[in-house]
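> here is the input, now give the coordinates:
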Amino acid sequence: MSNTYLDAITRRRTQYALGRNVTQSKDEVTALIQEAIRQAPSSFNSQSSRAVILHGEQSVAFWDIVKDELRKIVPADAFAATEGKINSFAAGTGTVLFYEDQDVVKGLQEQFPLYADNFPVWSEQGSGIAQYAVWVALSEAGIGASLQHYNPLPDAAVAAKWGVPASWKLRAQMPFGSNEAGFGEKGFIDNATRFIVAG
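Predicted coordinates for the structure are as follows:
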């Protein structure tokens, strides 16, 4: 069965070996990320997903903040490995910080009290969809990426540095750049374990 969308999501893989040999301009990459998030579906079309898109030295500055925060909690004798991992994220051309606007979530809870308990869950689902949409879009553009979760460690420092509104809640970070290594085989569990098909 041939399906261009399935082909695209099959090509999307985690890339840790990032470089700065991206052929697209900063504006082109920004537009790609913005459009992927704009087109990502959300419950009640709430459009609660937000993003801070960092390029070049601004991206490096973010990962420096993460390192500074990790240095406070990681034992000194183990920090070298941690620092190496963070440096690999900073080696790319940029980072997307994914947020969810809690004011939007609270507004929906007030407007539709019957579903109040569900809106935070749906917000998280919407964030995941936005993250995946960006990841696939970057992959299709030949740009490598991975998804990281260092929140809430850098949240306060990041909000102060880039003027992030207080209602935005950091959910994930996506460093991106050129693919400086290939991809190994991806394993899958048996379909019978994962799916029930009826009818």
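> so where's the longest helix in this protein?
In the chain, with assignment by DSSP state H, the single longest helix is helix 119-140.
> in this structure, where's the longest strand?
Longest strand in the chain by number of residues (criterion: DSSP state E): strand 168-179.
> quick one: average pLDDT of that strand?
Mean per-residue pLDDT for strand 168-179: 98.
> do stretch 137-145 as well
On average, stretch 137-145 scores 98.
> so which residues make contact with that stretch?
8, 11-15, 17-18, 22-24, 29, 32-33, 35-36, 92, 134-135, 174-180 (C-beta atoms under 8 Å, 6 or more residues apart in numbering). Every C-beta, even on glycine, is put in place using the N, C-alpha and C of the backbone.
> still on that earlier bit, other SSEs contacting the longest strand of the chain?
strand 18-19, helix 57-71, helix 79-90, strand 94-101, helix 119-140, strand 143-145, helix 155-162 (3 or more C-beta pairs under 8 Å, 6 or more residues apart in numbering; DSSP states H and E).
> re earlier: chain center to the longest helix of the chain, what's the gap?
8 Å (C-alpha atoms, centre = their mean, to the nearest Å).
> so where's this structure uncertain?
Applying pLDDT under 70 to the chain flags the ranges 1.
> rerun at 80
1-2 (pLDDT under 80).
> re earlier: now the next helix-or-strand element following the longest strand of the chain, how far from the centre of its chain.
Using DSSP states H and E, the helix or strand that follows strand 168-179 towards the C-terminus is helix 191-194. How far helix 191-194 lies from its chain's middle: 28 Å, per C-alpha atoms, centre = their mean.
> go on, stretch 138-146?
12 Å.
> end-to-end on that stretch?
10 Å (C-alpha to C-alpha, to the nearest Å).
> could you dump stretch 180-196 to CSV, C-alpha only?
Output in CSV follows, covering the C-alpha atoms of stretch 180-196 (Å, rounded to 0.1, in the frame of the first residue of the first chain):
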residue,chain,number,x,y,z
GLU,A,180,25.2,14.2,10.9
ALA,A,181,24.6,10.4,11.3
GLY,A,182,22.4,7.8,9.8
PHE,A,183,19.6,5.9,11.5
GLY,A,184,19.6,2.3,12.7
GLU,A,185,16.8,-0.1,12.4
LYS,A,186,13.6,0.7,14.3
GLY,A,187,12.1,-2.3,16.1
PHE,A,188,8.3,-2.9,16.5
ILE,A,189,6.4,-5.1,18.9
ASP,A,190,4.0,-7.7,17.4
ASN,A,191,0.7,-6.4,16.0
ALA,A,192,-1.2,-8.9,18.0
THR,A,193,0.1,-7.4,21.2
ARG,A,194,-0.7,-3.9,20.2
PHE,A,195,-4.0,-4.0,18.3
ILE,A,196,-7.5,-5.5,18.6
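> all set, thanks.
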